[in-house]
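Chemist: Got a predicted structure plus its sequence, pasted below:
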Amino acid sequence: MMTTNAGDEPVRRDVLVIGAGFGGLYMIYRLRELGLTFEAVEMASDVGGTWYWNRYPGARCDVVSLEYSYSFDEALQQEWEWTERYATQPEILRYANHVADRFDLRRHIRFNTRVTKLEWDDDRSRWRAHTDSGPGYDVKYVITAVGCLSAPKPPEIDGVDDFRGTTLFTSMWPHEGVDFTGKRVGVIGTGSSGVQSIPVIAQQAEHLTVFQRTPVFSLPARNAALDPDYVAEYKRHYAEYRRKALEARTGIIIERGLESALEVAPEARRERFESCWNQGLFACLSASYTDIMTDERANTLVADFVRSKIAEIVHNPSVAEDLMPQGYPYGAKRVCLDSGYYDTFNRTNVDLVNLRREPIARITETGIRTSERDIPLDAIVFATGFDAITGPLLRLNIRGRGGLALEEKWAAGPRTYLGLQTNGFPNLFTITGPGSPSVVSNMIVSIEQHVDWIARCLRDLRNRGVDTIEPDAAAEDKWVQHVNDVAAGTLYPRANSWFMGANVPGKPRVFMPYLGGVNVYRETCEEVAADNYRGFVLGTR
Ligand code: N01
């Protein structure tokens, strides 16, 4: 039961969980089985994490609902009814709330509470957590479940505060919604959030101006209502589908090509690409042949195919040209799944501003000033992204052994062992941290795997009377090298993506997720645990 102490006395527990999104909720569920004392804190006023905050119009998942859901409870997966192939944000948030209620998780969570500092006390081998309201915590273990895309990036444009119209961020959308009827709206940013919100805003607004710096590759989602017979059949074989997802590289069931794109006849290749375009699965094209993400020539074939589709859909050739991504490999920036994105630019109430030709000079009281003109607006939507993966961790202000700051240790990029822990910061676990598959996988598959591993680890430590666990420096170095080597063997590092930290000025350019595959990664984690936590130092006081 969640309790808080009176006054400033820290609450003493075995474990503190930070975050009550999908990672935090499942961690709570597992911790309760272990019989450890614990509590969770969440900065929002309710559960759901990314799905609590990102309520912009058109927000939905781009992994199919039947796969983007927990597998840990058979009754839950049988009884929960998804209504669409790709669930909307409100439906996913209802699901998170349902899980919290069904398993009675809410009573372990202190809401509206942000962790402001975490300090390791070497003498006591415990963490002290400070919060922005109420007492802090004195705990043996900290488990961060803060997500990878939860620290919005400032827009880095002059004059944001001068604007007298409505300023909105996709990552912090008002709960009551926004009515754009009769309004002149500007959207800055064309990543997943922009690509999803632009078609919906265009339908409501009097006029929409899209400010695009880098065009993205986007595929039609082919979203539709789920057929009850299909769902019933799928659920009859749920265990098999879950197993297939675990065995897949991305934790998403997808048919992977076994040939090189360069070795097949152009007609057969075109057919394969067309089939992917029609399937509405974002990983389909990159998995269509073995070398799409490793050979520039193979990659260009896909990129040309998508560019040809843009040319087919968008009527105005110069707008189509502006929407075509150039200069970076297909898939190296996160591919989007859309519902009518390119078509939206055929509407008479939508304009595209190519910021490569006409950069934003500043935001004024009445709109956006580019290098060429003033564009008057009633509302500006910032779909400008996140300080991804490390941002949510670094803002916890973590101090490890000897007071070492995590930002200092990670000054040249994140360093972890298996993405689970970092040397010098004992008993601190990270769910879907840098160096794990995280954002290049089905997040829920990766979350379940990490939570299960951490729960098993905590049980083993208790049974063996171990007080501290942290990676051995050499094992960590080796893992970081491995993560870098795997990325270097692909085309991913060749784009200025948030995977690389390239969207945040001054952030080190390192490919942060592990690209070795969730299947291979899971086996590695299992082997490490079975081999007496190989590469970790287990300490007793
Ligand atoms: O953020 P982004 P996002 N001036 O970083 C532009 C997940 N997600 O919130 O590319 C002008 O992708 C920036 O331009 P550039 C998903 O993993 C999932 O859209 O830096 N433009 C870019 O166009 C996704 O990848 C779902 O040149 C500026 C855009 O803003 C991740 O979250 C839905 C700018 C930011 O795109 C992040 O997506 C939504 C500036 N100063 C999100 N600063 C689904 O499940 C930035 N930009 C479907």
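Modeler: That came through fine.
Chemist: drop to CA atoms for contacts and neighbour counts, all remaining ones
Modeler: OK.
Chemist: Break down the stretch 401-541 of the chain into its helices, ranges please.
Modeler: Taking DSSP state H, counting those that start in this stretch as the criterion, the stretch 401-541 of the chain contains helices spanning 406-409, 443-463, 473-488, 518-530.
Chemist: For the shortest one, give me every contacting residue.
Modeler: By Cα atoms under 8 Å, 6 or more residues apart in numbering, the list of residues contacting helix 406-409 from outside reads 394, 397-400, 415.
Chemist: 6 Å instead, please
Modeler: residue 398 (Cα atoms under 6 Å, 6 or more residues apart in numbering).
Chemist: Then stretch 292-306?
Modeler: Stretch 292-306 is contacted from outside by 261, 286, 330, 490-491, using Cα under 6 Å, 6+ apart.
Chemist: Please list the residues of this protein that sit near the ligand.
Modeler: With Cα under 6 Å from any ligand atom as the criterion, the chain meets the ligand at residues 60-62, 155-157, 188-194, 213-214, 334, 383-386, 498, 503.
Chemist: In helices, which of those residues appear?
Modeler: 192-194 (DSSP state H).
Chemist: of the residues you listed, closest to residue 517?
Modeler: Residue 517 has its nearest neighbour among those in residue 192, at 22.6 Å by Cα to Cα.
Chemist: Verify the contact between that closest one and residue 335 for me.
Modeler: No: with contacts counted by Cα atoms under 6 Å, residue 192 stays clear of residue 335, the gap being 7.8 Å.
Chemist: Neighbour count: the two, which is higher?
Modeler: The residue with more neighbours, out of residue 192 and residue 335, is residue 192; 22 against 18, by other Cα atoms under 10 Å.
Chemist: quick one: which of the contacts of stretch 292-306 has the most company?
Modeler: Neighbour counts for the contacts of stretch 292-306 (other Cα under 10 Å) peak at residue 330, which has 29 neighbours.
Chemist: so what's residue 356 up against?
Modeler: Contacts of residue 356 by Cα under 6 Å, 6+ apart are residue 213.
Chemist: Which secondary structure element is home to it?
Modeler: Using DSSP states H and E, residue 356 sits within no helix or strand.
Chemist: Which pLDDT value goes with it?
Modeler: On the pLDDT scale, residue 356 is placed at 97.
Chemist: Backbone torsions only: list them for it.
Modeler: phi -70, psi -30 (degrees, to the nearest 10).
Chemist: Could you do residue 303 as well?
Modeler: With angles defined as degrees, to the nearest 10, residue 303 sits at phi -60, psi -40.
Chemist: burial measure for it, as a count.
Modeler: When neighbours are defined as other Cα under 10 Å, residue 303 has 22 of them.
Chemist: Now do it, the pLDDT please.
Modeler: Residue 303 is assigned a pLDDT of 98 by the prediction.
Chemist: And residue 2, by the same measure?
Modeler: Value listed for residue 2 in the pLDDT field: 52.
Chemist: what's the answer for the one 3 residues further on, then?
Modeler: In the predicted model, residue 5 carries a pLDDT score of 52.
Chemist: Adjust the sequence numbering to begin at 774 for everything that follows.
Modeler: Yes, from this point I'll number from 774; that puts the last item at residue 778.
Chemist: what pairs with residue 785 across the strands?
Modeler: Listed by DSSP bridges, the beta-bridge partners for residue 785 are residue 911.
Chemist: In this structure it contacts residue 911, no?
Modeler: Yes: assessed by Cα under 6 Å, residue 785 is found in contact with residue 911 at 4.7 Å.
Chemist: between these two, who's got more neighbours?
Modeler: Shown here are residue 785 and residue 911; by other Cα under 10 Å, residue 911 has more neighbours (24 against 18).
Chemist: Now do the same contact list for the more buried one.
Modeler: Taking Cα under 6 Å, 6+ apart, we find residue 911 in contact with 783-785, 900-901.
Chemist: could I get those residues as TSV with pLDDT?
Modeler: Shown next, in TSV, are the contacts of residue 911 (pLDDT from 0 to 100):
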residue	pLDDT
783	97
784	97
785	98
900	98
901	98
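Chemist: ok, residue 1279 - how many residues close by?
Modeler: Count around residue 1279 with other Cα under 10 Å applied: 8.
Chemist: ok, it to residue 841 distance?
Modeler: Distance of residue 1279 to residue 841, given as Cα to Cα, to the nearest Å: 34 Å.
Chemist: separation between residue 876 and residue 812?
Modeler: Relative to residue 812, residue 876 is positioned 15 Å away (Cα to Cα).
Chemist: of these two, who's got more company?
Modeler: The neighbour count for residue 876 versus residue 812, taken as other Cα under 10 Å, is higher for residue 812 (25 against 13).
Chemist: If you count neighbours, what's buried in stretch 1222-1231?
Modeler: By 16 or more other Cα atoms under 10 Å, the buried positions in stretch 1222-1231 come out as 1222-1228, 1231.
Chemist: what does that stretch contact?
Modeler: 800, 1204.
Chemist: any idea of the mean pLDDT in that stretch?
Modeler: Confidence for stretch 1222-1231, expressed as mean pLDDT, is 98.
Chemist: in stretch 853-869, what's buried?
Modeler: If you call a residue buried by 16+ other Cα under 10 Å, then stretch 853-869 has these buried ones: 855-862, 864-869.
Chemist: which of the residues in stretch 926-940 are buried?
Modeler: Quick answer for stretch 926-940 (16+ other Cα under 10 Å): 926, 928, 933, 936, 938.
Chemist: What of stretch 869-879?
Modeler: Applying 16+ other Cα under 10 Å to stretch 869-879 flags 869-870, 872-873, 878-879 as buried.
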